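A.B. asks: got a sequence here, can you model it:
(2 chains)
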Amino acid sequence: MSLWYPSRLSTGPPGPNTPITMQSQYEPSAVEAEAQAFWTDRQAFAVKEDPSRPSYYCLCMFPYPSGRLHMGHVRNYTIGDVITRFLRMQGYNVLQPMGWDAFGLPAENAAMKNGVPPARWTYENIAYMKRQLQSLGFALDWDRELATCQPEYYRWNQWLFLKMLEKGIAYRKTGIVNWDPIDQTVLANEQVIDGRGWRTGALVEKREIPMYYLRITAYAPDLLDALNDMPGWPERVRAMQANWIGRSEGVRLSFPYELQGEQRLLSVFTTRADTIMGVTFVAVAAEHPLATYAAQSNPQLAAFIEECKLGTEQEAEIAQMEKKGMPTGLFVKHPISGEPVPVWVGNYVLMTYGEGAVMGVPAHDERDFAFALKYGLPIKQVIEPAASNAHRRALRDGVAQSNDTVRDPIRPEDRHVLEGGIAKFSVAEWQSWYGEYGVLINSGKYDGLEHAAAIDAIAADLSAKGYGEKHVQWRLRDWGISRQRYWGCPIPLIHCPKCDVVPVPEQDLPVVLPEGLVPDGSGNPLNKTPSFLDCKCPRCGGPARRETDTMDTFVDSSWYFLRFASAKNDKAMVDERANYWSPVNQYIGGIEHAILHLLYARFWTRVMHDMGLVKVKEPFQNLLTQGMVLNDIYSRRTGEGAIEYFNPVDVNVQVDAKGARVGATLNSDGKPVEWEGMRTMSKSKNNGVDPTKLVEQYGADSVRLFMMFKAPPEDTLEWSDDGVEGASRFMRRLWRMVHEHVTAGLVSGKVSGELTDEQRNVRRAAHSTLQKVTDDLGRRRVFNTAIAAVMEFMNTLSKFEDQTPQGRAVRQEALEFVVQMLSPIVPHAGHVLWQALGHTDPLIDHSWPQPDAAALVRDSIDVVIQVNGKLRSQVTVEASATEQQIREAALADATVQKWIEGKPVRKVIVVKGKLVNVVV
RNA sequence: GCGAAAGUGGCGGAACUGGUAGACGCGCUGGAUUUAGGUUCCAGUGGGUAACCCCGUGAGGGUUCGAGUCCCUCCUUUCGCACCA
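C.D. replies: Here you go, the predicted structure:
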């Protein structure tokens, strides 16, 4: 239903100077209803593969259907929509799909709270959130919608998992999980609070259970190398991924020992083999076989090991907890000196990284130092650190000469103190040693060698003895995908008492997850569901039991973008259409996914590529990581340490005469509340903003405009109601400007003939604004500066009052530019204003305008003049002025003369078209 | 702890390639319109100073004719750390 021109789009253009009746008031709800109805009726954003046109795949990370859209979603999808609409106007065949990351823990938590099956909760959330998305006017192809909890989707997880199993990419081994002994259930990390189960408060135990892993480590070198060839990704994301994959070159070496009459080896990996003569102990993980052996005859040690096993597996916590250890009483032999080295159990040694054992060199490693100091272990210096940063870097990079002098050596009197046990030296002294490269001392035949040469020599000797070799170690671990939970994709395996683990045959896929179950917190409900559990062994036909573990939800999100491109194919996981659309040209989502999701998707795509399913290997060509949305937090202490949080809309902020914040009070009682700064919107801090209410109050366009204007896409965005108000004010201003113009009669925007100076200036501003906005939206992908440029131009245009036919033509062209430039951001208003300006073609099908080079030409340029680098004056010169002419004009300027009076001019620097610097 | 990033007016930000610091907006101040509030419009708004000018981009050094931008040291804040998604 159209409120303004019921038949405009079918009856052709009005004649020149036809009086126009346009609603004088901007009513966003009516405008948005009309534009959305128009797009829906035409299925304007459903796209087909068309090899004759350049394709563009613009994708935002699909949401978890948590119940309601939050402002982070709105920001994410608005960025994607602006890019989509801009590129569509540039002539691309643009795919922008949407779906739902529908499996996951929150649905189970909701089920426990409300007794509603996760499936129902999820589908209701999807329905609600879909309406919210539609109200924001995103140019989405809803024909390709998918939810990962649908069997039509997850059957292909299962299918590919079985293929991976065949190829050895998927395999079974044991892994450690958090076990709640009261609820008899496995907990996620976020369900463990201070080492206790979130519901039961029971001390959480670690359990080893069989799980399935995907061999992502086999792809580690390729995943790392390819990062160098991904210019469309932010540097920091590539750096984070590279660190995560963590390639490190070093030496794997072994400490021989005798146990129960047998010769064995204790292996460690180190990047600092040059410090090997400084080893004074070896630490092993609590789970290490040597620790287990020693504990058999040592109850104290056994107790300590149990304590370690209770501890966290989380890297962040391990790194920050107190380093504790206990001697095993066992000794191994130093692989070079043959001297006995004590073996300790350390709570900071991870079984899952490397060999589960580390060599301790207290003099040159911070953690080892802390450990040695605490337990009175010897500290032996074996590296003389280089004095200067430059020299240190040179040593590290292997470019230092071996005869480079080492300045500022440790004084000999400091040295001997260290060799006899607990050191009596200052930590400041010692700190200059650790983590540094230098020249070896106290290392026998290796004395005098520098870092790289020392490692070479030591590795060669170890290799000759069979005690070690150079080795490349990766930090990346294989991807454990088993989850002992209900609401996920079933792992398609069957346990047969006779045949062990048997894959579900391909023709029996999908293994459908029963949707009616309600988890109650005591383990996976699938284990109590015989209709799911009981089955026949596909191999022997005997009674068997179905696997009840489900897959990590990162599996679902590792290939959904390929499925969007192969939507609704019930015969295959993906098809030729995926090759038309992929890679995703622009991927947009939160920085919090910088490592895991993006790395898993890169891995999964490579696996599909290697199986010949898709041509693409690297799934995301360009990546934009949008920042978070923050809001103020207001609170009040309510005695007994309890804190009550108040929503910012209920708070009145007091400011001083300059507008600086001086305090805040609660609207309802007028009493002060405390401002705790700005944080991400959350329920617990009561600082959320409901997108639906905002759309009702201001309209989707104002909300979109505010979010794009407030901050660059990658930065955090601070919510402000005043800011949305400002965006709304701008929309009314835009509306009024077009209204005033068109009610005076329509004119053509084709400008020809002689223009006055003012007309030329306005026209130049219009075209240069268009040039800037095109660059900002396209190459730079920043929207706040594009909007600012349009605002600035509108300030110019509002001062232009020329009502001559020529002046009105200039204004018509300018307003058409404004509406077009803003239309990716405020598409509803754009749609209606475009018609108001007399156009019969819908704006979404109109191509993006091109600036006219002739309109951009300037006759004169303002040149800034500095004297000794300080701004002193300004002159206007002809655009064609030579460097010599600019210099003369600058020196002739009266103000400049005053500043250089009596001083000889030493130098004059001329930056063409911009600036002159006179040095006196 | 390790890894990654960011610090510019009262606030969000702009300055893209080393070249006029503070565009644009919010807030604030004064004025016009209005019965009033709101809306709208006009003017002003980094600090110091009577003024000329001086000082100013987290702190301190450096390179340069010229530094928010490049280099070094330090401080603060935010994000990630493998079962939240």
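A.B. asks: just checking, residue A:825 touches residue A:790?
C.D. replies: No - Residue A:825 sits out of contact with residue A:790 when judged by Cβ atoms under 8 Å, with a separation of 9.2 Å. Where you see a C-beta, it was placed from the backbone N, CA and C, and this is true even at glycine.
A.B. asks: check which helix or strand covers the nearest residue to residue A:573 once chain neighbours are set aside.
C.D. replies: Among residues not flanking residue A:573 along the chain, residue A:156 sits closest, at 4.1 Å (Cβ to Cβ, 6 or more residues apart in numbering). In this structure, residue A:156 is located in helix A:151-167 according to DSSP states H and E.
A.B. asks: mind listing what the helix or strand following that helix pairs with, with the direction of each?
C.D. replies: The element immediately downstream of helix A:151-167 (helix or strand, assigned by DSSP H and E) is strand A:170-180. Taking DSSP bridges as the criterion, strand A:170-180 pairs within the sheet with strand A:185-187 (antiparallel), strand A:205-214 (antiparallel).
A.B. asks: what is the neighbour count of residue A:758?
C.D. replies: By other Cβ atoms under 10 Å, 14 other residues sit near residue A:758.
A.B. asks: circling back: turn the strands paired with strand A:170-180 into CSV, columns for mean neighbour count and mean pLDDT.
C.D. replies: Listed next are the strands paired with strand A:170-180 as CSV, based on neighbours: other Cβ atoms under 10 Å; pLDDT from 0 to 100:
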stretch, mean neighbour count, mean pLDDT
strand A:185-187, 21, 90
strand A:205-214, 17, 91
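A.B. asks: distance to residue A:480 added to those strands, as a markdown table?
C.D. replies: Shown next, in a markdown table, are the strands paired with strand A:170-180 (distance: least, Cβ to Cβ, whole Å):
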| stretch | distance to residue A:480 |
| --- | --- |
| strand A:185-187 | 12 |
| strand A:205-214 | 5 |
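A.B. asks: show residues contacting the helix or strand hosting residue A:908.
C.D. replies: Here residue A:908 sits within strand A:907-911, counting by DSSP H and E. The contact list for strand A:907-911, computed with Cβ atoms under 8 Å, 6 or more residues apart in numbering, reads A:883, A:886, A:887, A:890, A:891, A:916, A:917, A:918, A:919.
A.B. asks: if we use 6 Å, what do you get?
C.D. replies: Residues from elsewhere that reach strand A:907-911, judged by Cβ atoms under 6 Å, 6 or more residues apart in numbering: A:883, A:886, A:887, A:916, A:917, A:918, A:919.
A.B. asks: before we move on, back to that, quick check: the residue nearest to residue A:573 touching residue A:574?
C.D. replies: No - judged on Cβ atoms under 6 Å, residue A:156 makes no contact with residue A:574 at a distance of 8.2 Å.
A.B. asks: which strands and helices sit next to the longest strand anywhere in chain A?
C.D. replies: Counting by DSSP state E, the longest strand found in chain A is strand A:247-259. With contacts defined as 3 or more Cβ pairs under 6 Å, 6 or more residues apart in numbering; DSSP states H and E, strand A:247-259 has these neighbours: strand A:262-270, strand A:325-333, strand A:468-474.
A.B. asks: if you set the cut-off to 8 Å instead, what comes out?
C.D. replies: helix A:220-226, strand A:262-270, strand A:325-333, helix A:451-465, strand A:468-474 (3 or more Cβ pairs under 8 Å, 6 or more residues apart in numbering; DSSP states H and E).
A.B. asks: on that earlier part again, out of the strands paired with strand A:170-180, the one nearest residue A:94 is which?
C.D. replies: strand A:205-214 (32.8 Å; Cβ to Cβ).
A.B. asks: using CSV, write out every CA atom in the closest one.
C.D. replies: Extracted in CSV, the C-alpha atoms of strand A:205-214 (Å, rounded to 0.1, in the frame of the first residue of the first chain):
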residue,chain,number,x,y,z
GLU,A,205,36.2,-33.5,38.9
LYS,A,206,38.2,-34.2,35.7
ARG,A,207,37.2,-37.3,33.9
GLU,A,208,38.8,-39.1,31.0
ILE,A,209,36.3,-40.3,28.4
PRO,A,210,36.5,-41.5,24.8
MET,A,211,35.8,-38.7,22.4
TYR,A,212,36.1,-38.0,18.6
TYR,A,213,38.7,-35.6,17.3
LEU,A,214,39.2,-34.0,13.9
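A.B. asks: and it with helix A:151-167, angle?
C.D. replies: Calculated by axes from the mean of the first three to the mean of the last three Cα atoms, to 10 degrees, strand A:205-214 forms an angle of 90 degrees with helix A:151-167.
A.B. asks: quick one, what contacts the closest residue to residue A:527 other than its chain neighbours?
C.D. replies: With sequence-adjacent residues excluded and distances taken as Cβ to Cβ, 6+ apart, residue A:527 is closest to residue A:548, at 5.3 Å. Applying Cβ under 8 Å, 6+ apart, one finds that residue A:548 lies in contact with A:484, A:490, A:524, A:526, A:527, A:532, A:533.
A.B. asks: try it again with 10 Å
C.D. replies: A:484-486, A:490-491, A:493, A:495, A:523-529, A:532-533 (Cβ atoms under 10 Å, 6 or more residues apart in numbering).
A.B. asks: I'd like to know the average pLDDT value across the helix or strand containing residue A:652.
C.D. replies: If you go by DSSP H and E, residue A:652 is part of strand A:651-655. Mean pLDDT, strand A:651-655: 87.
A.B. asks: strands paired with it, and their directions?
C.D. replies: When DSSP bridges is applied, strand A:651-655 pairs with strand A:661-666 (antiparallel).
A.B. asks: report the next helix or strand after the partner strand in sequence order.
C.D. replies: Following strand A:661-666 in sequence, per DSSP H and E, is strand A:674-680.
A.B. asks: and that following strand, anywhere near RNA strand B?
C.D. replies: Yes - interface with RNA strand B: strand A:674-680 contributes A:679, A:680 (Cβ under 7 Å from any atom of the strand).
A.B. asks: give me the contact list for that strand.
C.D. replies: If you take Cβ under 10 Å, 6+ apart as the criterion, strand A:674-680 is touched by A:70-72, A:628-637, A:643, A:645-646, A:648, A:651, A:653, A:661, A:663-664, A:685, A:687-688, A:716, A:718-720.
A.B. asks: from the residues you listed, which are also near RNA strand B?
C.D. replies: Answer for the contacts of strand A:674-680 near RNA strand B (Cβ under 7 Å from any atom of the strand): A:628, A:661, A:716, A:718, A:720.
A.B. asks: any idea how many residues pack against residue A:804?
C.D. replies: 10.
A.B. asks: give me the pLDDT value at it.
C.D. replies: 93.
A.B. asks: what residues does the stretch 101-250 of chain A put near RNA strand B?
C.D. replies: A:101, A:103-106, A:175, A:177-178, A:186-191, A:211, A:235-236, A:239-240, A:243-244, A:246.
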